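J.: sharing a model prediction with you, sequence too.
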Amino acid sequence: MPAMVVIPTDGRSTSRVAVDKVHSIVCNRVQDGVEQFLVRWETSHSTTTPPLSWHSINVLSRCLEEVQDYLDSRPKPSQVSLPQGASRKRKSPDTGLDVERRPSPFEGRLHQRSQTPSLSRSSSVSTSSNPTPVPSIDVYNGILDSTENGFIYCRPASGAGIQKLDTRTLPTSDMMRAARDSKVETTNMLIRAEYVRRLNRVPGKPISLFNSMDSSTPSLRFRYIMDYVLAPGVHRASLDSQVGCQKCSPHMGRDIGCEYTKKCDCLEYAAVDESRITDPDTREEYELALATGGSLMGYPKKFPYFAEGTKVQRAGCLVNFYLKSRNPIYECNNNCRCGPSCRNKNVQFGRTVEVEIFKTPSGRGWGLRCREDLHEGQFIDTYRGEIITDAEATRREEASSKAKASYLYSLDKFAESENLAPQDIYVVDGEFMGGPSKFINHSCEPNCRQYTVSYNKHDCRVYDIAFFACHFIPAGEELTFDYLDKDDDETIDEPGEGAIPCLCGASKCRKWLWT
Ligand SMILES: C[S@@+](CC[C@H](N)C(=O)[O-])C[C@H]1O[C@@H](n2cnc3c(N)ncnc32)[C@H](O)[C@@H]1O
């Protein structure tokens, strides 16, 4: 006897569909002015005739991810007359390019079941006696009974009048026609409201959402996180192992802390401040060390941020030396003696600017813009996501189409200097979890630049990727960075077959996003 499927009653009940009960949404329609969706219910057994029933969008408010998936992938008007079984590639809501939605790691169930019903599945639904049909809901392949607690149990079909539908031929052409003509305004509004509700819960300065282009919303299959999430096989040095500066103190005279870089151990790894090597012998030693790859310990170092009082507007902003170079930034950490208000702690406190996710008008999907003026060198945000191994990144890349938006970011800054083998380099995947910076698009003439920021100089595999403004950015301007991140003298490969065209619109556009 197969397990029964619990389905909540239609709109009148306060019950909401539990997300783990829904297998997928199969179709949509408007009935008596109410937007409805045909739900295929999860069953514990394989069957091509699972329980199916229509429900109003209000009942599905806990399953908006499934509804959004369906809306993103449902056949567009031109595809409606395709024969059954023809290709139904999902379309990206963002780029208009072909995509196949990759299951998010939160969807445990998706890994266990087939997305399309298999021909070998057999119906193991048995019959039951004395069924009581509920006329308000079209139900297929079974019978619905009301119970006093508001739920309806689906029983296998028996007797006349029960319509049987096979998921291999769903939705039928009649259903598809009706779906095409049916409004989904309320549904789109609820999906948007849910996304905004989640945005409002993100700590820090507000993140808003704006779309004057269409009715889409960024995917609800995304979790806002404040720190990296480590996937299996990824190891990050424990915070206790962070070596802090021991010779510094919160006030080393004249309100100066680690800016006195000769004392600060954290800054030992930072770029050498050549302008402060004035003694000719020291200069000679330094140049020899540079030429022979010798140690640069003990030389004066460049402090990364403007201190308060230097240039009021740029206090905390990146100094020009770092802005113009690709040197990593080494911040102090919790094990340092310099205290919590050390000016060498900045990126680690996270985003401090208000941003807006918006739909771009030029086919680049969603973008990010600032809601306030940003000064040259101002820190904007870090790139967050799930840190995965190189092998897992390759697997994920191969599983998705090349045209699909990519959110993978390699942590390869120290690969060469630390002799890391390519397979030992970690990758950040910001697709399903991360922050608003996942929406920053590429430009060949960007206004932001990405920097390596480390708090634990002994961990060369896990560090932060931080975005800073390259120059003054007025409120409302889209934030962009160069995805290729090459030095000026590095050559860029010729675009290969299937290279993704760049739509940044800059006068010096390279024409290709990735080669
Ligand atoms: C990290 S995502 C950026 C956010 C993305 N636009 C979205 O809607 O989620 C990177 C993807 O955005 C799109 N993209 C970013 N910059 C672009 C550009 N200049 N031209 C064309 N597509 C771009 C590409 O699909 C790329 O794979």
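T.: That came through fine.

J.: around the ligand, pick out the residues from the protein.
T.: Within the chain, the residues that sit near the ligand (Cβ under 6 Å from any ligand atom) are 94-95, 364-366, 405-407, 438-439, 441-442, 502-504, 513. C-betas here are computed from N, CA, C, even on glycine.

J.: of those, which belong to helices?
T.: When DSSP state H is applied, the residues of the chain next to the ligand are split such that none fall in helices.

J.: residues contacting whichever residue of the stretch 151-300 of the chain sits closest to the ligand?
T.: Going by Cβ to the nearest ligand atom, the ligand is nearest to Pro218 of the stretch 151-300 of the chain, at 6.7 Å. Pro218 sits next to Asp94, Tyr195, Leu209, Ile357, Trp366, Phe439 when contact means Cβ atoms under 8 Å, 6 or more residues apart in numbering.

J.: what about the helices in this structure?
T.: For the chain, the helices defined by DSSP H cover 64-73, 108-112, 173-181, 185-200, 280-292, 320-323, 390-399.

J.: where does the protein have low pLDDT?
T.: Along the chain, the parts satisfying pLDDT under 70 run over 1-20, 75-137, 144-161, 251-257, 260, 308-312, 487-490, 492, 515.

J.: from this structure, which residue is nearest to the ligand?
T.: Counting by Cβ to the nearest ligand atom, the chain gets nearest the ligand through Gly365, at 2.6 Å.

J.: wait, that residue sits on Ala405?
T.: Yes: in terms of Cβ atoms under 8 Å, Gly365 counts as a neighbour of Ala405; the distance is 6.1 Å.

J.: what number of residues lie near Asp390?
T.: Applying other Cβ atoms under 10 Å, we find 19 residues neighbouring Asp390.

J.: sorry, wrong one. I was asking about Thr47.
T.: 19.

J.: on that earlier part again, out of the residues of the chain next to the ligand, which comes closest to Cys460?
T.: Tyr407 (22.9 Å; Cβ to Cβ).

J.: show me the contacts for the closest one.
T.: Neighbouring residues of Tyr407 by Cβ under 8 Å, 6+ apart: Gly385, Asp429, Gly430, Glu431, Gly434, Lys438.

J.: Lys413 versus that one, what's the distance?
T.: As judged by Cβ to Cβ, to the nearest Å, Tyr407 and Lys413 stand 18 Å apart.

J.: which strand runs longest in this protein?
T.: strand 22-31 (DSSP state E).

J.: and that strand, which strands flank it?
T.: strand 34-41 (antiparallel) (DSSP bridges).

J.: re the thing from before, now the helices of the chain as a markdown table including distance to Phe349?
T.: Below are the helices of the chain laid out as a markdown table (distance: least, Cβ to Cβ, whole Å):
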| stretch | distance to Phe349 |
| --- | --- |
| helix 64-73 | 32 |
| helix 108-112 | 34 |
| helix 173-181 | 48 |
| helix 185-200 | 20 |
| helix 280-292 | 34 |
| helix 320-323 | 18 |
| helix 390-399 | 28 |
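
J.: closest to Asp373 out of those?
T.: helix 320-323 (17.2 Å).

J.: in that closest one, what counts as buried?
T.: By 16 or more other Cβ atoms under 10 Å, the buried positions in helix 320-323 come out as Phe321, Tyr322, Leu323.

J.: which ones are touching the first one?
T.: It stands for Phe321. Phe321 touches Ala271, Asp273, Lys302, Asn327, counting by Cβ under 8 Å, 6+ apart.

J.: ok, Arg180 to Lys359 distance?
T.: Going from Arg180 to Lys359 by Cβ to Cβ gives 23 Å.

J.: the two: who's more crowded?
T.: Lys359 (20 against 15).

J.: can you give me the strands in the stretch 201-350 of the chain?
T.: Using DSSP state E, counting those that start in this stretch, the strands of the stretch 201-350 of the chain run over residues 207-210, 223-224, 229-230, 329-330.

J.: tell me which of the ones you listed sits most buried.
T.: Highest mean neighbour count among the strands of the stretch 201-350 of the chain (mean count of other Cβ atoms under 10 Å): strand 329-330, with a mean of 26.

J.: now do it: distance to the chain's middle.
T.: Mean C-alpha position of strand 329-330 versus that of the full chain (Cα atoms, centre = their mean, to the nearest Å) differs by 25 Å.

J.: so which elements touch that strand?
T.: strand 448-454 (3 or more Cβ pairs under 8 Å, 6 or more residues apart in numbering; DSSP states H and E).

J.: with adjacent residues omitted, what lies nearest to the residue nearest to the spatial centre of the chain?
T.: Closest residue to the average C-alpha location of the chain: Glu431 at 3.2 Å, with Cα atoms, centre = their mean. Spatial nearest neighbour of Glu431, chain neighbours left out: Tyr407 (4.0 Å); criterion: Cβ to Cβ, 6 or more residues apart in numbering.

J.: any idea how far the closest residue to Glu194 other than its chain neighbours is from Leu190?
T.: Once flanking residues are discounted, Glu194 sits nearest to Leu64: 5.3 Å by Cβ to Cβ, 6+ apart. For Leu64, the distance to Leu190 (Cβ to Cβ) stands at 6 Å.

J.: and for Asn335?
T.: Computed as Cβ to Cβ, the Asn335 to Leu190 distance reads 47 Å.

J.: repeat that for Ser443.
T.: 34 Å.

J.: cool, Phe349 as well?
T.: Relative to Leu190, Phe349 is positioned 35 Å away (Cβ to Cβ).

J.: who's more crowded, the two?
T.: Leu190 (20 against 11).

J.: who are the contact partners of that one?
T.: By Cβ under 8 Å, 6+ apart, the neighbours of Leu190 are Ile57, Ser61, Leu64.

J.: what segments of the stretch 351-500 of the chain are strands?
T.: Along the stretch 351-500 of the chain, counting by DSSP E, counting those that start in this stretch, strands occupy 355-359, 366-370, 379-382, 386-388, 408-410, 427-429, 433-434, 441-442, 448-454, 464-469, 480-481, 500-501.

J.: coming back round to it: just send the buried residues of helix 320-323 back as a markdown table, with distance to Leu230 too.
T.: Rendered in a markdown table, the data for the buried residues of helix 320-323 read as follows (distance: Cβ to Cβ, whole Å):
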| residue | distance to Leu230 |
| --- | --- |
| Phe321 | 33 |
| Tyr322 | 28 |
| Leu323 | 31 |
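
J.: number of residues surrounding the closest residue to Leu209 other than its chain neighbours?
T.: Closest residue to Leu209 apart from its sequence neighbours, by Cβ to Cβ, 6+ apart: Ile357 at 5.1 Å. By the other Cβ under 10 Å criterion, the neighbourhood of Ile357 contains 20 residues.

J.: picking up where we left off before, tell me which of the helices of the chain sits most buried.
T.: Greatest average neighbour count among the helices of the chain goes to helix 64-73 (a mean of 21), per mean count of other Cβ under 10 Å.

J.: can I get it in CSV, CA atoms only?
T.: Taking Å, rounded to 0.1, in the frame of the first residue of the first chain, the C-alpha atoms of helix 64-73 are listed here in CSV:
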residue,chain,number,x,y,z
LEU,A,64,7.3,30.1,-4.6
GLU,A,65,10.7,28.6,-5.7
GLU,A,66,8.9,25.8,-7.5
VAL,A,67,6.4,28.3,-9.0
GLN,A,68,9.3,30.6,-10.1
ASP,A,69,11.1,27.6,-11.7
TYR,A,70,8.0,26.7,-13.6
LEU,A,71,7.4,30.3,-14.8
ASP,A,72,11.0,30.6,-15.9
SER,A,73,10.9,27.4,-17.9
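
J.: roughly how far is it from the heart of the chain?
T.: 17 Å.

J.: specify the angle between it and strand 22-31 in degrees.
T.: Counting by axes from the mean of the first three to the mean of the last three Cα atoms, to 10 degrees, helix 64-73 points 70 degrees away from the direction of strand 22-31.
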